[in-house]
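Enquirer: okay, here's the prediction I keep looking at, along with the sequence it came from:
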Amino acid sequence: MYNLEKKSNIVSAVCVPLFFTMFAVGVLLYLEVSAHAAAPGDLSIPMSKVSASAGFYPVEIDGVKLEVIAVKAPDGSIRTAFNTCQICFDSGRGYYKQSGNALVCQNCGSRFAISQIEVVRGGCNPVPILPENKKIEGGNIVVPREFLVQAKEIFANWKTDY
């Protein structure tokens, strides 16, 4: 009987602190993950997935389908832009497909060098998402919902004329 009570006290002395330690670690891990999670409606692109092949990341804002391009430029920097042309966006075919080191507008055929994304503005080229319009959090490129909402107008007629 004495040994049983002694064993029970030993188990309690080990298990209770172990439980609280595991609980505390779990809370800290949750807080760490939450600190890096994008807010609801934000577009989050893992930087580890971005390569020299353009990645196309769809997002829907208030029923409007948008798409963001993320690609690694020849200098190693990651460039982002909306997948629509600043001139042809309203044509229904004003979006890009990659061809080698260029993006090609599917409406007018203009070629735009990937190295020029976020560098050149205006004309027939992808609408840039500049550093002030995005942030890097926990290894992700995060485009805030508020910025996406501002861009939904240029996607109102996007990919409608196939």
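Expert: Cool, the structure landed. Residues are numbered from 1 along each chain as shown.

Enquirer: switch to C-alpha atoms for all contacts and neighbour counts from now on
Expert: Fine.

Enquirer: looking at strand pairing, list the partners for F82.
Expert: For F82, the beta-bridge assignment (DSSP bridges) gives partners V68, V127.

Enquirer: so for it, what's the pLDDT?
Expert: Note for F82: predicted pLDDT of 96.

Enquirer: next one: it from V149, what distance?
Expert: Spatial separation of F82 from V149 under the definition CA to CA, to the nearest Å is 12 Å.

Enquirer: among those two, which residue is more densely surrounded?
Expert: For F82 versus V149, neighbours defined as other CA atoms under 10 Å are more numerous around F82 (25 against 15).

Enquirer: contact partners for the more buried one?
Expert: With contact taken as CA atoms under 8 Å, 6 or more residues apart in numbering, F82 is in contact with 66-69, 126-129.

Enquirer: please repeat the previous calculation with a cut-off of 6 Å.
Expert: For F82, the contact set (CA atoms under 6 Å, 6 or more residues apart in numbering) comprises 67-69, 127.

Enquirer: helix, strand or coil for P40?
Expert: Remark: P40 carries the secondary structure label coil [criterion: DSSP: H, G, I helix; E, B strand; the rest coil].

Enquirer: what is the burial count for it?
Expert: P40 sits with 8 neighbouring residues when counted by other CA under 10 Å.

Enquirer: now the two most distant members of the contacts of F82.
Expert: For these, the farthest-apart pair by CA to CA is E67 and V127; their separation is 10.9 Å.

Enquirer: neighbour count: these two, which is higher?
Expert: When neighbours are counted by other CA under 10 Å, E67 and V127 differ, and V127 comes out ahead with 25 against 21.

Enquirer: any idea of the pLDDT on that one?
Expert: 94.

Enquirer: cool, and L31?
Expert: According to the predicted model, the pLDDT of L31 comes to 41.

Enquirer: and what of N157?
Expert: The per-residue pLDDT reported for N157 equals 89.

Enquirer: N101: neighbouring residues, count only.
Expert: Using other CA under 10 Å, N101 has 16 neighbouring residues.

Enquirer: count the neighbours of the nearest residue to P128 once chain neighbours are set aside for me.
Expert: Nearest residue to P128 in three dimensions, chain neighbours excluded: A81, at 4.1 Å (CA to CA, 6 or more residues apart in numbering). Residues near A81, counting by other CA under 10 Å, number 20.
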